[in-house]
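> below are the sequence and a predicted model; questions follow.
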Amino acid sequence: MTKGFIFVLALLTAIPASAESAFNYSGVSAGIGFVTLGIEDSDQELNARSLGVSLSNELSNQFVAGLGVNHLVVDDILYDDGIYFDTTGTQTTFNITFGRYFVVNPLFDITVSGTIGFSKYESDTLLTDINGNSLYVEDSGTDSSVGGRIGARMLLSEAGNFEVSPSLTYITNEGESDTVLGAEFALNLTPKANIGLSFNTSTKEDQTSFGVFGKLYF
C-alpha cells in the first residue's frame, strides 16, 4: 500500500499544472453529522453524532495540503435477544491530507488525495438481561488508517451558485479495508463562503452518515 501511494505521488508530481481552476482550495470548514454504526453479525445499529473541523491550503502547482479533526460521540441503548446494551463512547480522529486537483473545464475539477489518520477511542457498555443481571465492559485504545480518495467538484451552472462534489475513498485500517461513497451538495452564498449537506456510506462496515457543513475560503 505504501509503495502504491509513493508511485501515485510521483505520477501526480510529474503531471504539469493545467488551466486556472474556478474553485478555491484554501479555507476552513466545519460540520456536524448524524451517523449510524452497524453492529457486526447483527441487524442492530448504534446512533452517533460527530463534529468535524478541517483546514486546507493550496500549494504551488495545484497541490493541496490539509489538516482535520473529527470527534464522534455514541450514546445509545440496544435490545437484542433478551439483553439490553447501554453503550457510550467517543472517538477522536486527526487526519493529514495531501493531494492535487486537475482542471477539466471551467465548471469541473477532478481531485486526487491521500490521507493518514490517527484515532483514540473509548467505550463503555452495560449489558443487562431481563432478570436484572448485568456486566460492565470497557474498551479503549488507539488506531491508525491510510486512505486514498478520488473526487470531483462540479458547478451546475456558469452562475456558480450550486456545487456538487462526489467522492470515492479507499481506506485500510489495521489490516482491514473499506470503500466509502460520498457526496456534498453546496450552496455558494458568496465566492468566499458556502453551506451544504453531505452524505457518506461504506460498502463493508455498514456505516452511514448525513451532515450539514459550512466553509469559508481564504
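Perfect, I can see it now.

> residue farthest from the centroid of this structure?
Distance from the C-alpha centroid of the chain peaks at residue 131, with 41.3 Å (Cα atoms, centre = their mean).

> so that one versus residue 38, what's the distance?
Residue 131 sits 28 Å away from residue 38 when distances are taken as Cβ to Cβ, to the nearest Å. (C-beta placed from N, C-alpha, C; glycine too.)

> hey, where'd the strands end up in the protein?
Under the criterion DSSP state E, the chain carries strands at the ranges 27-38, 45-58, 63-80, 83-105, 108-129, 134-155, 162-173, 176-190, 193-202, 207-217.

> dump these to CSV, plus mean neighbour count and distance to residue 21.
Output for these, formatted as CSV (neighbours: other Cβ atoms under 10 Å; distance: least, Cβ to Cβ, whole Å):
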stretch, mean neighbour count, distance to residue 21
strand 27-38, 17, 14
strand 45-58, 17, 9
strand 63-80, 16, 11
strand 83-105, 17, 5
strand 108-129, 16, 5
strand 134-155, 14, 8
strand 162-173, 16, 12
strand 176-190, 15, 14
strand 193-202, 17, 15
strand 207-217, 17, 12
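
> dump those to CSV, plus mean pLDDT and distance to residue 20.
As requested, the strands of the chain are exported to CSV (pLDDT from 0 to 100; distance: least, Cβ to Cβ, whole Å):
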stretch, mean pLDDT, distance to residue 20
strand 27-38, 95, 17
strand 45-58, 96, 11
strand 63-80, 94, 14
strand 83-105, 95, 7
strand 108-129, 95, 11
strand 134-155, 94, 14
strand 162-173, 95, 17
strand 176-190, 95, 18
strand 193-202, 97, 20
strand 207-217, 96, 15
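
> residue 91 bridge partners, please.
Each beta-bridge partner of residue 91 is listed here, defined by DSSP bridges: residue 72, residue 121.

> pretty sure it is touching residue 118, no?
No: under the contact definition of Cβ atoms under 8 Å, residue 91 does not touch residue 118, with a separation of 11.2 Å.

> overlap in contacts of those two?
Any residue near both residue 91 and residue 118 by Cβ atoms under 8 Å, 6 or more residues apart in numbering counts here, and not one turns up.

> I would like the residues contacting stretch 196-210, please.
By Cβ under 8 Å, 6+ apart, the surrounding residues in contact with stretch 196-210 are 31, 33-38, 45, 50, 163, 177-187, 211-215.
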